[in-house]
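> Sequence and predicted structure are below.
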Amino acid sequence: MTFQSLFLIQPILRALQDEGYETPTPIQAQAIPILLQGKDLLGCAQTGTGKTAAFAIPILQLLAGKPTYEKNKKIRALIVTPTRELAIQIEESFTAYGRYLDLKTTVVFGGVGQTPQTDKLRKGVDILVATPGRLLDLINQGYISLADISLFVLDEADRMLDMGFIHDIKKLLVLLPKQKQSLFFSATMPPEIVTLANTILHQPEKVEVTPVSSTADTINQFVYFVDRGNKNSLLLHLLKNKDIKTALVFTRTKYGADKVVKVLHKNNITAEAIHGNKAQNARQRALSNFKAQTTRVLVATDIAARGIDVDDLAFVINYEIPNISETYVHRIGRTGRAGANGTALSFCDNEEKPLLRDIEKLIGKKIPVENEHPYPLSDEPIVIVPKVQNHTHARPAANKTKKWFGRKKGA
């Protein structure tokens, strides 16, 4: 299948050709025809499947087909997404795919001054990409009206709930017109998400391109058992491999991200952190530097990293195992995108072993153990408890696996 076979208009096909797109991903092949028919859509797709293009392309085509008198500088399509980084990247996608169309797209998000955003809104936009908080704020100030919305997208719905945006979303739903085409995307479908989808969608078509909470087959996964105090040394050891041109490293906390960056700087490795305490311009600069490979390592927390879309990112490193199993899927989904190969390496200390077992249960597979490294996990220390006999825990037998580090291609 090609994009030409999806009956797309020539200006969009030309833009896709400029972007180097030839064959649609599974979610694009399924979703685009449904949306061009004007139907509501419930999409269950993990990150990296190409879902932004799956809704951006048909929205552009539907709006481009409206009569001229309907193009009255009023917002006609609204995309709501949880993070600033993701909002910016969605806006960039709409701009790229719609470069040959007479449609204007803008993005609004918090954490920065609103004047540049409101200036663009005054000039009139067709498509608005927004995070919930800033969107509601600008609506309350009278800068945004949702009265003319004909297309509504709620993206990354599961993350919306994780970040506490459910009440903001409910406020927005009341303000939207009843007659509209609605699109709902989520990587996972827990009961709360299904309930929310039922309040938004009307007789939707469902597209599910991968099993819920699965990891892409194109991602090679390995786990390194290592003492917590040796994680920095192990990270530096791995980064001696010049084949790792760039790596996205995940920590659980903002403080932890900053600490890892300091260690890398001391060892002459270019690195930047991206998390909620960073100013928006600093976060965007760090992401731009990482994409340009002037920064070799980007250290991120989970919320800040959602929406990071970097072409040809080959390595993701879990410096710390996430507390929530589904987060592992989202993290490693930053690599192995759209059919490309990737490698996900996870550092696991003794306290994180239960979290690793939960992840393996969720994804339905055992993650191969990499034993051939200089910082193997030591026996658990003796824990002295008052008035209770001391306990020592023997080190579990290691599983022998082939070494990925320095492995020849095709091995």
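Ah, there it is. Numbers count the residues shown, from 1 in each chain.
> and the helix or strand hosting residue 57, what other elements does it pack with?
Here residue 57 is covered by helix 51-64, with elements defined by DSSP states H and E. When contacts are defined as 3 or more Cβ pairs under 8 Å, 6 or more residues apart in numbering; DSSP states H and E, helix 51-64 packs onto helix 10-18, helix 26-36, strand 41-44, strand 77-80, helix 84-97, strand 127-130, strand 151-154, strand 181-186. For glycine as for every other residue, the C-beta is placed from the backbone atoms N, C-alpha and C.
> Quick one: list the elements packing against the fourth one.
If you count contacts as 3+ Cβ pairs under 8 Å, 6+ apart, strand 77-80 packs onto helix 51-64, strand 127-130, strand 151-154.
> The third one too?
If you count contacts as 3+ Cβ pairs under 8 Å, 6+ apart, strand 41-44 packs onto helix 26-36, helix 51-64, strand 181-186, strand 205-208.
> returning to what we had before: for residue 191, which of the helices and strands packed on strand 77-80 is the nearest?
Distances from residue 191 to each of the helices and strands packed on strand 77-80 were compared using Cβ to Cβ; the shortest belongs to strand 151-154, at 16.9 Å.
> Quick one: neighbours of residue 372, just the number.
When neighbours are defined as other Cβ atoms under 10 Å, residue 372 has 13 of them.
> May I have the distance across stretch 345-354, first residue to last?
Terminal residues of stretch 345-354 are spaced 17 Å apart (Cα to Cα, to the nearest Å).
> From here on, call the first residue 226.
OK, 226 is where the count begins now, so the last one is stretch 570-579.
> which residues are in contact with it?
Residues outside stretch 570-579 that contact it (Cβ atoms under 8 Å, 6 or more residues apart in numbering) are 446-453, 456, 459-460, 463, 540-546, 553, 580-581, 592, 595, 602, 605.
> The same query, at a cut-off of 7 Å, please.
Outside stretch 570-579, the residues within contact range by Cβ atoms under 7 Å, 6 or more residues apart in numbering are 447-453, 456, 459, 463, 542-544, 546, 581, 592, 602, 605.
> I'd like to know which of those are buried.
447-452, 456, 459, 463, 542-544, 546, 581, 592, 602 (16 or more other Cβ atoms under 10 Å).
> taking the contacts of stretch 570-579 one by one, which sit in strands?
Counting by DSSP state E, the part of those found in strands is 447-450, 542-543.
> Now pLDDT and distance to residue 560 too, for those, in TSV please.
Converted to TSV, those look like this (pLDDT from 0 to 100; distance: Cβ to Cβ, whole Å):
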residue	pLDDT	distance to residue 560
447	97	13
448	97	16
449	97	17
450	97	22
542	97	10
543	97	12
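> which among those gets closest to residue 471?
Proximity of these to residue 471, judged by Cβ to Cβ, is greatest for residue 542, which lies at 10.9 Å.
> Now do the same contact list for the closest one.
For residue 542, the contacting residues are 460, 472, 474, 570, by Cβ under 7 Å, 6+ apart.
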